[in-house]
Structure formats: structure tokens, C-alpha cells
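>>> Sharing a model that was predicted from the sequence below.
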Amino acid sequence: YFVPRTPVLRRSKHSKTQIKRIFKNNPAFLRVASRNDTLPTLSPPPTASFEPIFSPITLPNGWSAPPTDDEVLSKRDDIPFFVKRTGNKPNGAIGFLPVYSSVRLGGTKQTTIVKRITGDKETFLNELRANLGLSPDD
């Protein structure tokens, strides 16, 4: 009586994401890839779908006044996403935009965090990528 043996799955020390990160920028990999014309190419950044409707004046502490013009406010309602400002300021003052920076891994990994987004978050990400010039692959 013969019992077939099931294949044994071997686990790697690193995940697929870690392997990509480790070897993607390896100088030897880049040198061989450039010789073979197989360097990975990033897709171009998306184009902006919405025109800028407001040019803020930013104070040294990072605060900028929200728009008060009726024309700007009517155009703002046509955009499918909205970033709500922080609240609970003294004397009815208007808060900051909820944009924060996060530094991890001993200062080598810097991340920007945007909170309080309502509406279509995918459209917001595409607009942010278009304005910053980032490709969707980054």
C-alpha cells in the first residue's frame, strides 16, 4: 500500500516584499539590469483632474487661512473629497490642516500622514500623486 507524500512548503526567511526591497536597489542587480536593458521602469505620474481653486498664504508656523470667497467655496463643493481642519481652538479660531510627519527607524524612514479625509479617497490619492509628481508604483 503506497501513500503519496504531500509536497513540503519551504518558508523563506524574508517575505516577498522584503526580498523586493532588498534586491531592487542592489548595485549588482542594477548593473546587470542596465546591461540587459531590463531596468524596471516606473509608470508616469497621473495627471491632475482638478485645477487649483485657491492659493493660500502660509504663515511661518504653517497655518493658512481657509478660503472665504463665495466663488472658491462653490468650486470646492464640486471636488469629490474634502480635508476637514482640526477644531477646538480658543476664541473660535480656525484650526490647522491635519497633515503630520512621522519619522521612524532612527530617522531613515520619513512619512507624511494626512488625516480627516472625507469623500472619495482614491481620487484624493491620485490628485496628491499628480501634484507631487509621484508615480503610482512609488
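Nice, I can see it.

>>> Any chance you could list what contacts the biggest helix by length in the chain?
In the chain, with assignment by DSSP state H, the single longest helix is helix 121-132. Identification of contacts with helix 121-132 by C-beta atoms under 8 Å, 6 or more residues apart in numbering yields 45-50, 80-81, 83, 114, 117, 134-136, 138. Every residue, glycine included, has its C-beta placed from N, CA and C.

>>> What residues sit buried inside it?
Using 16 or more other C-beta atoms under 10 Å as the burial criterion, the residues of helix 121-132 that qualify are 124-129.

>>> okay if I get the residues you listed as a markdown table plus distance to Gly87 and pLDDT?
Shown next, in a markdown table, are the buried residues of helix 121-132 (distance: C-beta to C-beta, whole Å; pLDDT from 0 to 100):
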| residue | distance to Gly87 | pLDDT |
| --- | --- | --- |
| Phe124 | 20 | 93 |
| Leu125 | 24 | 92 |
| Asn126 | 28 | 92 |
| Glu127 | 24 | 93 |
| Leu128 | 23 | 92 |
| Arg129 | 28 | 92 |
